[in-house]
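# Need a 3D model of the following:
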Amino acid sequence: MYANLTREERDTRTIIGSDQYVVDQLWFFIRGCLEIPVAGSSEPFLWGLWASVLEPAFDEISETWEKDGREKAHGPFKGRLANSLSVYAETFNLKVSIAIQPVGTRPLFIVDEAEHPLAIEQRNGISQNRVQELASLLLHQERLGWPAKFT
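From the prediction side, this is the model:
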């Protein structure tokens, strides 16, 4: 939503930080990570994404942002992805669960729509070849001047 606003609209309609933003005091967004296990690696493939949440969830997440142990006492929360990932069937508005992590770590997004290709990869993992394919597709789009559609 933020990416689709003009500079002037961003200045007048939004409050933005590195991990949260609000539009028109009506739309609330949290930044998080969606992890996909990679076969043969201890490191997952990470998507840095935004999710829209309801105001009460946003307020609770904000109030506990710097509190140790927050991951044990708060959440999970419900949200919807606020990004379109061009390498998958439409991801914008996919239902997600948001798992709060320890202080200093962004929340994890877990796709709730089990049959979506992104959810399948998140659940089953991907191969090293798939990682290379994703990287190649994203880099190719950038070279052509097409953003990876992280809107």
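
# quick one: the residue at minimal distance from the centre of the chain from Phe29, how far?
Nearest to the geometric centre of the chain sits Leu49, at 2.3 Å (C-alpha atoms, centre = their mean). Distance of Leu49 to Phe29, given as C-beta to C-beta, to the nearest Å: 10 Å. Heads up, the C-betas are built off the backbone N, CA and C, glycines and all.

# Name the SS class of Pro56, please.
helix (DSSP: H, G, I helix; E, B strand; the rest coil).

# Mind jotting down where the strands sit in this protein?
Remark: strands assigned in the chain by DSSP state E are 14-16, 20-23, 27-36, 45-53, 77-81, 95-99, 108-111.

# Check the burial of the closest residue to Val87 other than its chain neighbours by counting its neighbours.
Nearest non-adjacent residue to Val87, counting by C-beta to C-beta, 6 or more residues apart in numbering: Leu137, 5.2 Å away. Other residues near Leu137 number 13, with proximity taken as other C-beta atoms under 10 Å.

# What of Ser18?
Ser18, neighbours per other C-beta under 10 Å, totals 7.

# residues in contact with it?
Arg31 (C-beta atoms under 8 Å, 6 or more residues apart in numbering).
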